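J.: just coords:
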């Protein structure tokens, strides 16, 4: 029997194990380094032999019905009842796999555990989207677990060549999909299941698991992710092996490393040397043309580049709904149906990609791992060549090489965490709309608008634009030079043409047209290392090295860090970690006796960051951004720094003594309950009667009326899917400026209220074309009633304020709402 103090105990609900969190402090985090050393060199200590642990090969946080906030009704009241979705965690062992749930209560619960040989990839498939025309063939079997094992169901095929779909409800295998080549990864959303192979991608319909489309033109990546893709709720991004000019979207990556830093102090010295050639390069990338004055060699090189067989760093995004069935081909001859965007993202091969929760931002990393790029995708319904890809950020990790294994966004998209195979997680601040992260944008619990009210009304942007156009744009440290394309004369021509087009098409500020927003370089505010990677066992430094302070390094280290011996040999000496943001669960570990306060989770500006390592220890880190301590005074634009500290930890690694936890599961198993709830909701949305629903339904509450009535549930679903990128209107309304006065005209005759939609304004000429009526008869107007001399303007009555007495005179100005 387990001791009462032990954090592990069996769960009544699932029969699995429950693990309580342990309070983690700086000290205990460091001590785990020592216990690691004891585990590695047990004979050096006269203690009890350490408990044997199974070897973890991969870790991942999963999104499934259990934590689907948009479709699981339990979370729809998220702001009032404090329901928080649990974290869902998958561990892949050298023998089998395991699934954990960490609900808001903080007690980790084992949901599934099996030992059936090595697993390369596994996913819990979400319940599919259904409609009256399209029903789910596997409805009574869900939830399904898709697994790629070394020995598949057929047993005869080569290892890792088939995807088996198991029902967690009944325990049976419901479908097996065979391939000729090894499978690298599985991805899924509520529409499709995506199987990633060598240089290929195959997509299957979520309702029937029949083949939907396939891609065969992926660029090979050396690893760890052999064929990196990103799957959003609808779009699929992959690394294309060539750049096709006719499909190329506007924008894309702004130059390589050196070019992206011109605007910052990081490499001002390098800029002076390379600045002149750089501007031309960026223009070439953005427009695909060569600047005037290019030599013949450059032109030849440029044309050869187009014909080169494989081009690294190109990204294609396709719409999984509108793309044609069969092969997806991006070529000169193919039409752009289903291709959302096609653009250069890096100069080296792409290593890892991820969409943000809304699917509008894409983060890409290359094989060097110095810089990560954040792109905003603005689509055009007609073709990918009309879409625009704004390069909002370059996230600069450092100058050493590192392979990225995991990218995770916070729910409000203000923070992104990139984890490398060295076991370090880098925390970057970003804004979903671009621009420099600062106190105003990142110190409030809510997302703020791109411009403050003051900026909007003061017209600062026009002044800044004027200044930057004189000095060479984008705060370039070198006068007359600019990292932005707007510094070149060619770009100026394009710009004015687009402005003219905007004006003639009556379209102020279309974000897809030039000028592109400026690029911002962001350094990590914190670098959270795994405790084991902090220690390097050498005679010179003693048993282990400590990180800086609370191992959050404010800025990238200038000196080369000591070589880190990664203790994990799970993947050839590499250290697998995964990170995710979530509400804090550490209150339980620190005050187990207390009841949880309702507003306790609201005091943090940033959600906690959870990092799982290949030692099976899950650690909650509390992130506290604050104004830069060296700043002379704190204003809205003050840069940020961050303090991080570990708050709680869970030891989730399995030992050989643990029992397996396999389906069939009880009806009250969390995964089954969640699947039932989401499927029920899907039926309601589709206007169908859910199976097993109570007898005859009155017309008032029938599912049909829910579907047809616009205030019904469909609207809620629709609203939760809305993505709005608004175009800001004029920065200053006319009446905000001091140079305008409002006067009242008293015509001598009868008062006529004229609105812009009124027919009085249109006098029809002989050709019957409406002409504005400008020839008022001046005799009708009593000119003496017009006060010509300057007067003090009356205060404008604001909503909610009592109207001034002066405003209650007989004549009031009428402004028609339609005008």
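T.: Structure received. Given the structure is predicted, the values throughout are model-derived calculations rather than measurements. Numbers count the residues shown, from 1 in each chain.
J.: other residues contacting stretch 116-125?
T.: Stretch 116-125 is contacted from outside by 57, 62, 64-66, 88, 90, 92-97, 99, 142-151, 160, 165, 168, 182-188, 193, 206, 671, using CB atoms under 8 Å, 6 or more residues apart in numbering. The C-beta positions use only the backbone N, C-alpha and C, and glycine is treated the same way.
J.: hey, where'd the helices end up in this protein?
T.: Applying DSSP state H to the chain gives helices spanning 26-40, 78-81, 257-260, 268-287, 296-307, 439-442, 453-458, 460-471, 489-504, 531-534, 587-590, 670-685, 703-708, 713-721.
J.: before we move on, the earlier item: filter the contacts of stretch 116-125 to the buried ones?
T.: Buried by 16 or more other CB atoms under 10 Å: 57, 62, 64-66, 88, 90, 92-93, 95-97, 99, 142-149, 160, 165, 168, 183-188, 193, 206, 671, out of the contacts of stretch 116-125.
J.: please flag which of those residues sit within strands.
T.: Those of the buried ones among the contacts of stretch 116-125 mapping onto strands are 57, 62, 88, 90, 92-93, 97, 99, 144-149, 165, 183-188, 193, per DSSP state E.
J.: isn't residue 687 right up against residue 133?
T.: No - contact criterion CB atoms under 8 Å: residue 687 and residue 133 do not qualify, at 11.5 Å.
J.: neighbour-wise, which of these two wins?
T.: Per other CB atoms under 10 Å, whichever of residue 687 and residue 133 has more neighbours is residue 687, with 18 against 6.
J.: any idea how far the more buried one is from residue 130?
T.: Separation of residue 687 from residue 130 (CB to CB, to the nearest Å): 10 Å.
J.: ok, residue 151 next?
T.: Using CB to CB, residue 151 is found at 34 Å from residue 130.
J.: please name the nearest non-neighbouring residue to residue 147.
T.: Nearest residue to residue 147, sequence neighbours excluded (CB to CB, 6 or more residues apart in numbering): residue 122, at 4.8 Å.
J.: read off the pLDDT value for that neighbour.
T.: Per-residue pLDDT puts residue 122 at 96.
J.: how many neighbours does it have?
T.: For residue 122, the neighbour count with other CB under 10 Å is 24.
J.: quick one, what contacts the closest residue to residue 114 other than its chain neighbours?
T.: Closest residue to residue 114 apart from its sequence neighbours, by CB to CB, 6+ apart: residue 96 at 4.7 Å. Shown in contact with residue 96 (CB under 8 Å, 6+ apart): 113, 114, 115, 116, 117, 119, 660.
J.: among those residues, which ones are in strands?
T.: Reading strands off these with DSSP E, I get 113, 114, 119.
J.: for the stretch 201-350 of the chain, which segments are assigned as strands?
T.: Along the stretch 201-350 of the chain, counting by DSSP state E, counting those that start in this stretch, strands occupy 211-215, 229-231, 235-240, 250-251, 314-319, 326-328, 339-344, 350-355.
J.: okay if I get those strands as JSON lines plus mean neighbour count?
T.: Shown next, in JSON lines, are the strands of the stretch 201-350 of the chain (neighbours: other CB atoms under 10 Å):
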{"stretch": "strand 211-215", "mean neighbour count": "19"}
{"stretch": "strand 229-231", "mean neighbour count": "22"}
{"stretch": "strand 235-240", "mean neighbour count": "26"}
{"stretch": "strand 250-251", "mean neighbour count": "23"}
{"stretch": "strand 314-319", "mean neighbour count": "25"}
{"stretch": "strand 326-328", "mean neighbour count": "15"}
{"stretch": "strand 339-344", "mean neighbour count": "25"}
{"stretch": "strand 350-355", "mean neighbour count": "24"}
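J.: of all these, which one is nearest residue 742?
T.: Nearest of these to residue 742, taken as CB to CB: strand 250-251 at 42.9 Å.
J.: neighbouring strands for the closest one, and are they parallel or not?
T.: Sheet pairing of strand 250-251 (DSSP bridges) gives strand 388-396 (parallel).
J.: wait, isn't residue 59 in contact with residue 612?
T.: Yes - taking contacts as CB under 8 Å, residue 59 lies within contact range of residue 612: 4.7 Å.
J.: common neighbours of the two, please.
T.: With CB under 8 Å, 6+ apart, residue 59 and residue 612 have common neighbours 89, 91, 577, 578.
J.: I'd say the second one and residue 110 touch.
T.: What that stands for is residue 91. No - Residue 91 is beyond contact range of residue 110, at 10.2 Å (criterion: CB under 8 Å).
J.: compare those two (neighbour count), which wins?
T.: Ranked by neighbour count (other CB under 10 Å), residue 91 and residue 110 place residue 91 first, with 26 against 23.
J.: so what's that one closest to, chain neighbours aside?
T.: residue 98 (4.6 Å).
J.: in the sheet, who's paired with that neighbour?
T.: residue 91, residue 113.
J.: how close does it get to residue 510?
T.: Going from residue 98 to residue 510 by CB to CB gives 50 Å.
J.: higher neighbour count, these two?
T.: Shown here are residue 98 and residue 510; by other CB under 10 Å, residue 98 has more neighbours (26 against 14).
J.: gap between the more buried one and residue 151?
T.: As defined by CB to CB, residue 98 lies at a distance of 19 Å from residue 151.
J.: am I right that residue 20 is in contact with residue 102?
T.: No - using CB under 8 Å, residue 20 is not in contact with residue 102, being 10.9 Å away.
J.: list residues touching both of these two?
T.: In contact with both residue 20 and residue 102: 108, 650, using CB under 8 Å, 6+ apart.
J.: tabulate the strands of the stretch 201-350 of the chain (JSON lines), appending mean pLDDT and distance to residue 516.
T.: Formatted as JSON lines, those follow (pLDDT from 0 to 100; distance: least, CB to CB, whole Å):
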{"stretch": "strand 211-215", "mean pLDDT": "95", "distance to residue 516": "28"}
{"stretch": "strand 229-231", "mean pLDDT": "97", "distance to residue 516": "22"}
{"stretch": "strand 235-240", "mean pLDDT": "96", "distance to residue 516": "20"}
{"stretch": "strand 250-251", "mean pLDDT": "90", "distance to residue 516": "5"}
{"stretch": "strand 314-319", "mean pLDDT": "96", "distance to residue 516": "17"}
{"stretch": "strand 326-328", "mean pLDDT": "89", "distance to residue 516": "27"}
{"stretch": "strand 339-344", "mean pLDDT": "95", "distance to residue 516": "12"}
{"stretch": "strand 350-355", "mean pLDDT": "96", "distance to residue 516": "20"}
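J.: residue ranges with poor pLDDT in the stretch 151-300 of the chain?
T.: Within the stretch 151-300 of the chain, the stretches with pLDDT under 70 are 152-156, 255-300.
J.: what does the stretch 301-450 of the chain give?
T.: The model of the stretch 301-450 of the chain has pLDDT under 70 over residues 301-308.
J.: which one among the ones in strands among the contacts of residue 96 gets closest to residue 646?
T.: residue 113 (26.2 Å).
J.: got the contact list for that closest one?
T.: Applying CB under 8 Å, 6+ apart to residue 113 gives the contacts 16, 96, 97, 98, 99, 654, 658, 659, 660, 661, 662.
J.: just the closest of those residues to residue 386, please.
T.: Distance to residue 386 across the contacts of residue 113 (CB to CB) is lowest for residue 99, with 43.4 Å.
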